[in-house]
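J.: predicted coordinates and the sequence they were generated for:
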Amino acid sequence: MFELNEQAEHIADLVKQSGLLTPDKQENDRLHIGCAVISESDVLVSLNFKHLVNVRTINRVREITIAEGYKNILIMPPVMLIDRGDE
């Protein structure tokens, strides 16, 4: 489990400043991104297609991670992680 800190809140603020997830009710989504980025997660998995798993959010988060010196994080739905072998 990851503990919320100032770095995660900073990334969350940058997400909001970029025009993404601006309503206060989307603060948890912004913090989810912030925590995933600063913990250097490889993937943020979500079924939230409206706010997280979409091209606009994925591209904007990539821009933020590059500008802030963090590695890129993949944002994808769970189905993308299913390994079906040699089908």
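T.: Yes, it's here. Numbers count the residues shown, from 1 in each chain.

J.: give me the neighbour count for Phe39.
T.: Actually, residue 39 is Ser rather than Phe. Neighbours of Ser39 under the rule other CB atoms under 10 Å: 15. For glycine as for every other residue, the C-beta is placed from the backbone atoms N, C-alpha and C.

J.: pull the contacting residues for the residue minimising distance to the centre of the chain.
T.: Nearest residue to the geometric centre of the chain (CA atoms, centre = their mean): Ile33, 3.3 Å. If you count contacts by CB atoms under 8 Å, 6 or more residues apart in numbering, Ile33 has them with 11-12, 15, 21, 44, 52, 61, 73.

J.: could you pull out the helices for the protein?
T.: 6-17, 27-38, 55-68 (DSSP state H).

J.: wait, which of the ones you listed is closest to Met80?
T.: Proximity to Met80, assessed across those by CB to CB, is greatest for helix 55-68 (12.0 Å).

J.: packing partners for that closest one?
T.: Here helix 55-68 touches helix 6-17, helix 27-38, strand 74-76, going by 3 or more CB pairs under 8 Å, 6 or more residues apart in numbering; DSSP states H and E.

J.: so what's the gap between the second one and the chain middle?
T.: Think helix 27-38. Its chain's C-alpha centre and that of helix 27-38 lie 6 Å apart, by CA atoms, centre = their mean, to the nearest Å.

J.: buried residues, that helix. List them.
T.: Under the neighbour-count criterion of 16 or more other CB atoms under 10 Å, helix 27-38 has 29-38 buried.

J.: thinking again about what came up before, from the contacts of Ile33, which is closest to Arg84?
T.: Closest approach to Arg84 among the contacts of Ile33 (CB to CB): Leu44, at 22.0 Å.

J.: so what's Met1 scoring on pLDDT?
T.: Note on Met1: pLDDT of 65.

J.: thinking again about what came up before, any chance of the helices of the chain in TSV, with distance to Met80 too?
T.: What follows is the helices of the chain, written out as TSV (distance: least, CB to CB, whole Å):
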stretch	distance to Met80
helix 6-17	22
helix 27-38	15
helix 55-68	12
